[in-house]
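1. Coordinates for the following, if possible.
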Amino acid sequence: MSKVKVQITLEDTLLNSLDSYCKKNYINRSAALSFMASQFLMQQQLIDSLSDLSYAIKVCAEKGELDSETEKKVKEFELLAKMVTGNR
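-> Predicted coordinates for the structure are as follows:
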């Protein structure tokens, strides 16, 4: 996986907080921002998939079973939940 350099603008108070976090955790800004962005995006994906899970529960309640497409969505949710919680 290749890395790309980007330039961002942060408010000084946010930058100070970031620098403090980096110092406490012995990492550089790039590592911290990369980690934070990946965690945020994974959490957003999990939140978005909650609607799929809600739909699957509704289908199961109405039909008493899951069709293959709905079962696939449930499995995708389970995978995301494991990734977010660290339970692989």
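
2. May I ask which helix or strand encompasses the spatially most central residue of the chain?
-> Taking C-alpha atoms, centre = their mean as the criterion, Met42 is the residue nearest the geometric centre of the chain, at 1.3 Å. Per DSSP states H and E, Met42 falls inside helix 29-63.

3. Which residues belonging to that helix are considered buried?
-> 33, 46, 49, 52-53, 56, 59 (16 or more other C-beta atoms under 10 Å). Just so you know, the C-beta spots here come from the backbone N, C-alpha and C atoms, and that holds for glycine as well.

4. Ser34 and Lys3, how far apart?
-> 9 Å (C-beta to C-beta, to the nearest Å).

5. Also Asp52?
-> Taken as C-beta to C-beta, the span from Asp52 to Lys3 is 32 Å.

6. Spatially nearest residue to the residue nearest to the centre of the chain, not counting backbone neighbours?
-> Of all residues not flanking Met42 in the chain, Val84 sits nearest, at 5.6 Å (C-beta to C-beta, 6 or more residues apart in numbering).

7. What of Tyr21?
-> Per C-beta to C-beta, 6+ apart, closest to Tyr21 is Ala32, 6.1 Å.
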